[in-house]
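Participant: Make a model of this:
(chains A and B)
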Amino acid sequence: MQYFGKTCRKIFSTHIVFPRVLIPIAVLAAGCCFSMPAVADSDVALRETAQRLAERVAAIPGMHGALRLEWHPDAKWSEGENNRWQEILRGEFEKRSVGLTEDAGAPALDVFAAETPTQVVLTAKTRVSERDEVRIVAVALALLPPGSLPVAAVRLERQMIYESPDRILDASSLGNGAEGGLALLLYRNFEILASRVDSRGVMKQSVSLNPASFKPSRDPRAEMTLRGGSVSVLLAGKACEFSWEAPAEVKCRAEKPAAGDKSAWRGATLLTSPCDGSSWKLLNSGSDPNTREVLQVVPDGALRESSAAVLSEFPGPILGTNGEQNPSSALVVAQNLGTGNYEIYKITLACGN
Amino acid sequence: MRFTKLRWLAAISAVIVALACAGAQAGTPRYGGTLHVRLRAASVSLDPREWTPGSLSSAASEKLASLVYDRLVTLDDYAKFRPALATEWSHDATSRSWQFKLRSGVRFSDGSLFTPADAVTSLQATLGKGFEVTGAENGVAIRAAHPAPDLLEQLASGRNFVFRRQSDGTLLGTGPFYLAEPVAAAPSEVNPTAIKPAKLKFQANEGAWSGRPFVDFVEVILGEPPLRQLLDLQVGKADIAEIAPDLVRKGRQEGLRIWSSAPQTLVALRFDDAFAAPASDQLREALWLTLDRETMANVLLQREAQPADSLLPQWLSGYAFLFESPMNLQHARELRAGFPAGAPGAAQPLRLRVDAPGDLFKLMGERVAVNARQANLLVQVALPVGGGNSPAPAVGLHLFAWHYDSLSPYAELGAFVKDLLNVGDLPANTADPEQLFEQERRLLEERRILPLVLLPEYAGVRANVHNWNASPWGDWRLADVWLDSEDAMTPKAPAGPQKNSSAARNPGARP
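Facilitator: Prediction:
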């Protein structure tokens, strides 16, 4: 489970004296940590890989003078990812006295990056004394930080607040107070878990919803409804109830599919405009697991593709939406096709631009 | 006028309702229905121990085996290994000793309990001699003779399925389907000279530990001609069908939804052992220089293939772009001029046998002969051997198709060395791609194998098939596919455990 408080704690624990003037900055930094992936720790693998390649290149016999670095990243990578690799590679080459220059006449040091199903393979190629020298290193893809998230031009305020490698089936806010946090339904290793995480993303409690007679489903739809400390969970063909205080007492019963339009599943999520109180509906299909999806927020009663729609692109299929206590906000669960992780976004309808 | 307005309103309402229904249908999975699949292979074996490494038939077999059996682990599209029959794993610092904890409560399709002994027996048979698989109370241990840093890649691909052999020789699996009706190929009743293709029917395993698949049945027809497969897709007789590379363009022009994988098949030439000696170096080098791979890929295969310069594809090794195969007719002619009189390829033609099935590969063989002729090299495509007692004429060159079975580049290159060239094993795996590159470079420089083109796998998928999410390396993941309501029966979500009656069906997985 990746959460975003980790880096913050490490940074702050090294500062014994904490001046008051820094408190607003700290608050901002905390918010930043809550909404942005922590990359510092996971950059270690990237840096270590670049270091290994730089060491091997530096050890090529007969190499003299400065080289012109030509960077050939994997075609799938984003600009942010390219820049990050290039920056780290340059740093590691320079640390090992491999001189780099922008001079077009200098011999080229071509560095290629290619993704395989499990690795990133880095290849350096240069010509020394009429001979091609090739050095190759690899790193497991799973060890690398996720690629930078593409920023969509949105008219909704949007913030990523949580991500997990486990499938997130549903998410609900646990209130807007200082404690806050999220209640989640996770599908992990063919088991459905109801979990509470605090506002820093730290897991506080997990309750298994797999009773002895549970049968795994390839349709792991699930929705939760919170009423104080008690939780109702609707699954495909089953409904469960429990309370956070007595998690061992999970009661589940078979639930027949409702006929016609009387589905027990949550209907479209509605937002209320903070400007004029009008209702807006979230529309998504989630039908194609292989494409990024555009969430449409349309005036309630309007059709899909309405010209009044507010659009926001997500990095993969949208798997669910849920309203919040604040009527102009909602949570959106999406899969990131770049990383395979599941992400929760808080979207808020704002006035004007 | 009023009537017209009402009709317009009614029409718009109908469109709105249809759109709403379509939206609902698109997003909500449905259970039921039969998925009709067409594969080109004329026969398959659901016994992974019988598969020939690299063969096209084993590729089709693996597709169907994944319906019936599970693996210890799987690889997702994001480079993460996911638990399957193993829930946890670990290894020592040398990557020689691996421990896997097995999932409890898993049952075979006949209802019997899956045990560590099943994993031991099946994996010992599929992993082979370099591995020792032993059982523990709730897991298995795999000990490799040499470091195996790529063991997870190996277990997540190829023939490393887990199964149980029954006393009658059939195999049981824990997968999402079981084989319900194997129908062998037989002469057609209508036209006895024609062969009715083999048909396999797989039924949903209600007790599958990974969840019941959405469709009730997968019906697979084998060995239909490529054009017939395309037609079956167009008229709705097939939901998913393999498409031959030379028919992809036609399929696209006719509006079919066509999926393609990363390159899965290498088409290449291989010299016989008799031509491996240094005396034949110039012949091998000369032929290599004549090959026009670009034309083969772009004209013969209509841009649906890639010229190949390496044994392993770029998507698997990450370094294939470093290899080049420049065509150089001038140099080839110079080499040819130095051949001794009477040498194969000079006075007598070098005989080329097309080992891969299908007209497309024959055309490629003929193209090789045309290329060679440009450097005065004589290559003759050998005709298929007919019946009778006359011995098959000797050939010096083979055109073969090699299907990549493994997600481990080391294992795949090892299979080339061991199964294709018969020159022993690769040096121990150090997980260093630079060493692998050097080994591949040496193999290519011997010119015993001359890569020609890389072919992706193509499949036509009808619009009624939802959640089609095949992996880039060709795993179709049919258990997650669901069909539109007109093809599916009443939706039924799995609810409560069901007992599987072994007497009520034929659970065997061997057609």
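
Participant: which residues of the stretch 251-353 of chain A fall in strands?
Facilitator: Applying DSSP state E, counting those that start in this stretch to the stretch 251-353 of chain A gives strands spanning A:251-254, A:270-272, A:279-283, A:294-299, A:310-313, A:318-323, A:329-335, A:342-348.

Participant: Now residue 234: closest residue in space, sequence neighbours ignored.
Facilitator: Answering for chain A, as no chain was given. Closest residue to A:Leu234 apart from its sequence neighbours, by C-beta to C-beta, 6 or more residues apart in numbering or on different chains: A:Glu223 at 4.8 Å. For glycine as for every other residue, the C-beta is placed from the backbone atoms N, C-alpha and C.

Participant: Sorry, I should have been clearer: chain B.
Facilitator: B:Glu254 (6.6 Å).

Participant: residues contacting whichever residue of the stretch 201-350 of chain B sits closest to chain A?
Facilitator: When scored by C-beta to the nearest C-beta, the stretch 201-350 of chain B has B:Gly318 as its residue closest to chain A, at 2.7 Å. Neighbour list for B:Gly318: A:114-116, A:119-121, A:123, A:136, A:138, B:433 [criterion: C-beta atoms under 8 Å, 6 or more residues apart in numbering or on different chains].

Participant: Mind putting those residues into JSON lines with pLDDT, secondary structure and neighbour count?
Facilitator: As requested, the contacts of B:Gly318 are exported to JSON lines (pLDDT from 0 to 100; DSSP: H, G, I helix; E, B strand; the rest coil; neighbours: other C-beta atoms under 10 Å in any protein chain shown):
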{"residue": "A:Ala114", "pLDDT": "96", "secondary structure": "strand", "neighbour count": "22"}
{"residue": "A:Glu115", "pLDDT": "93", "secondary structure": "strand", "neighbour count": "19"}
{"residue": "A:Thr116", "pLDDT": "95", "secondary structure": "coil", "neighbour count": "24"}
{"residue": "A:Gln119", "pLDDT": "94", "secondary structure": "strand", "neighbour count": "26"}
{"residue": "A:Val120", "pLDDT": "95", "secondary structure": "strand", "neighbour count": "24"}
{"residue": "A:Val121", "pLDDT": "97", "secondary structure": "strand", "neighbour count": "25"}
{"residue": "A:Thr123", "pLDDT": "97", "secondary structure": "strand", "neighbour count": "23"}
{"residue": "A:Ile136", "pLDDT": "97", "secondary structure": "strand", "neighbour count": "23"}
{"residue": "A:Ala138", "pLDDT": "96", "secondary structure": "strand", "neighbour count": "25"}
{"residue": "B:Pro433", "pLDDT": "95", "secondary structure": "helix", "neighbour count": "22"}
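
Participant: Flag every residue of the stretch 1-150 of chain A that's near chain B.
Facilitator: Residues of the stretch 1-150 of chain A found near chain B (C-beta under 8 Å from any C-beta of the partner chain) are A:56, A:112, A:114-121, A:123, A:125, A:134-138, A:140-142.

Participant: buried residues in stretch B:464-481?
Facilitator: B:464-468, B:470-471, B:473-476, B:478-481 (16 or more other C-beta atoms under 10 Å in any protein chain shown).

Participant: nearest to B:Arg103, of the residues you listed?
Facilitator: Of all the buried residues of stretch B:464-481, the one sitting nearest B:Arg103 is B:Ala479; the distance, using C-beta to C-beta, is 16.5 Å.

Participant: returning to what we had before: among the contacts of B:Gly318, pick out the one closest to B:Leu322, please.
Facilitator: Nearest to B:Leu322 among the contacts of B:Gly318 is A:Thr123, at 6.7 Å by C-beta to C-beta.

Participant: residues contacting the closest one?
Facilitator: With C-beta under 8 Å, 6+ apart, A:Thr123 has these contacts: A:111-114, A:134-136, B:318-319, B:322.

Participant: who's the nearest residue to it once chain neighbours are set aside bridged to?
Facilitator: Ranked by C-beta to C-beta, 6+ apart and with sequence neighbours excluded, the top spatial neighbour of A:Thr123 is A:Phe112, at 4.5 Å. Following DSSP bridges, A:Phe112 is listed with bridge partners A:His72, A:Thr123.

Participant: One more: A:Ser312?
Facilitator: A:Leu295.

Participant: tell me which element residue 45 falls in.
Facilitator: All of this is about chain A. helix A:43-58 (DSSP states H and E).

Participant: meant chain B, my bad for not saying
Facilitator: Going by DSSP H and E, B:Ser45 is not in any helix or strand.

Participant: Of the buried residues of stretch B:464-481, which ones also sit close to chain A?
Facilitator: Filtering those for proximity to chain A by C-beta under 8 Å from any C-beta leaves B:466-467, B:473, B:479-480.

Participant: Out of the residues you listed, show me where the pLDDT dips lowest.
Facilitator: Minimum pLDDT for those is recorded at B:Asn467 (86).

Participant: Please read off the pLDDT at B:Asp150 from the model.
Facilitator: Looking at B:Asp150, the pLDDT reads 95.

Participant: I figured the residue nearest to A:Thr123 hits A:Thr126, correct?
Facilitator: No: in this structure, A:Phe112 is not within contact of A:Thr126 by C-beta atoms under 8 Å, at 11.9 Å.

Participant: Need phi/psi at B:Asp216.
Facilitator: phi -80, psi -40 (degrees, to the nearest 10).

Participant: shouldn't it be in contact with B:Phe177?
Facilitator: No: judged on C-beta under 8 Å, B:Asp216 makes no contact with B:Phe177 at a distance of 9.7 Å.

Participant: Give me the common contacts of the two.
Facilitator: Common neighbours of B:Asp216 and B:Phe177 (criterion: C-beta under 8 Å, 6+ apart): B:203-204.

Participant: Please identify which of these two sits among more neighbours.
Facilitator: B:Phe177 (27 against 20; other C-beta atoms under 10 Å in any protein chain shown).
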